[in-house]
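Asker: build me a structure from this.
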Amino acid sequence: MSLNDGVFIHSTAEVSDNAIIGAGTKIWHLAQVRENTTLGENCVISKNVYIDLNVKIGNGVKIQNNVNVYYGVEIEDDVFIGPSVTFTNDMFPRAFSRDFEIIHTLVRRGASIGANATIVCDITIGEYAMIGAGSVVTKNVKDYCLVVGNPARVVGYVCKCGCRLGDDLLCSVCNLQYLKNECDSLSEVI
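Answerer: This is a model prediction of the structure:
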């Protein structure tokens with residue numbers, strides 16, 4: 001295990017000697033971090049989190065209690081993952097199958113995933129997107145989109161700060177203005 005300055009690992013956590021843990025990262029009660037996993041700097045890995053082998057997690061990521069992050073998932077910087085979120089990594093799981101194929105999932109910078117959401121593999125969650133609590137995400141989510149439900153559907157857009165945008169795509173909290181492009185994705189007006 002590669003430990004840098006300010007790393008905290010609770011005595012009940014199980015962290016592989018082959019994991020790379022960035023400076024300032026905190027790993028709490030009963031968490032498990034498997035081999036060949038990379039955790040960036042200043043992450044918080046809460047109670048009872050399972051992080052499978054070969055997972056890549058960026059800087060400033062917060063993963064709340066009881067989350068499962070399976071092999072094939074990549075999480076970029078500044079992502080928030082709420083309590084009891086589960087990621088999948090196999091499209092056709094069978095206990096007896098010897099042809100297990102890892103299917104990848106990417107969570108882009110700044111995205112937030114609400115409590116008890118299920119993220120079905122082979123998708124990308126866009127930058128600063130927000131997944132509502134209890135949602136089942138089965139398709140790609142574009143940048144800044146707010147999705148809810150089962151299956152998750154777009155119900156609006158959110159600002160970088162996390163507040164829901166009105167019809168004018170202006171944030172009432174931080175006053176950032178957004179434009180919608182031809183692909184129904186948002187971009188900030190600079």
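Asker: list the buried residues of stretch 27-36.
Answerer: Using 16 or more other CB atoms under 10 Å as the burial criterion, the residues of stretch 27-36 that qualify are I27, W28, L30, A31, Q32, V33, R34. The way it works is simple: take the backbone N, C-alpha and C, and place the C-beta from them, glycine included.
Asker: enumerate every residue touching D77.
Answerer: Residues in contact with D77 (CB atoms under 8 Å, 6 or more residues apart in numbering) are G40, G58, N59, G60, V61, R109, G110.
Asker: mind pulling up the pLDDT for the spatially closest residue to it that is not a sequence neighbour?
Answerer: Distance criterion CB to CB, 6 or more residues apart in numbering; nearest residue to D77, sequence neighbours excluded, is G58 at 3.8 Å. Per-residue pLDDT puts G58 at 98.
Asker: G58: neighbouring residues, count only.
Answerer: 20 (other CB atoms under 10 Å).
Asker: and D78, by the same measure?
Answerer: Neighbours around D78, by other CB under 10 Å: 20.
Asker: so for stretch 66-82, what's the average pLDDT?
Answerer: Stretch 66-82 comes out with an average pLDDT of 98.
Asker: can I get it in PDB? Just the C-alpha atoms.
Answerer: Extracted in PDB, the C-alpha atoms of stretch 66-82 (Å, rounded to 0.1, in the frame of the first residue of the first chain):
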ATOM      1  CA  ASN A  66     -22.800   1.200   2.400                       C
ATOM      2  CA  VAL A  67     -21.700   1.900  -1.300                       C
ATOM      3  CA  ASN A  68     -20.500  -0.800  -3.600                       C
ATOM      4  CA  VAL A  69     -18.000   0.300  -6.300                       C
ATOM      5  CA  TYR A  70     -17.300  -2.700  -8.500                       C
ATOM      6  CA  TYR A  71     -14.400  -3.500 -10.900                       C
ATOM      7  CA  GLY A  72     -14.900  -1.600 -14.100                       C
ATOM      8  CA  VAL A  73     -16.000   1.600 -12.500                       C
ATOM      9  CA  GLU A  74     -14.000   4.800 -12.900                       C
ATOM     10  CA  ILE A  75     -14.900   7.900 -10.900                       C
ATOM     11  CA  GLU A  76     -13.400  11.300 -11.800                       C
ATOM     12  CA  ASP A  77     -12.600  14.200  -9.400                       C
ATOM     13  CA  ASP A  78     -15.100  15.900  -7.000                       C
ATOM     14  CA  VAL A  79     -17.800  13.300  -7.300                       C
ATOM     15  CA  PHE A  80     -20.400  12.700  -4.500                       C
ATOM     16  CA  ILE A  81     -21.900   9.200  -4.100                       C
ATOM     17  CA  GLY A  82     -24.700   9.000  -1.600                       C
END
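Asker: still on that earlier bit, hang on, the residue nearest to D77 packs against I81?
Answerer: No - the criterion here is CB atoms under 8 Å, and G58 misses it with I81 at 12.0 Å.
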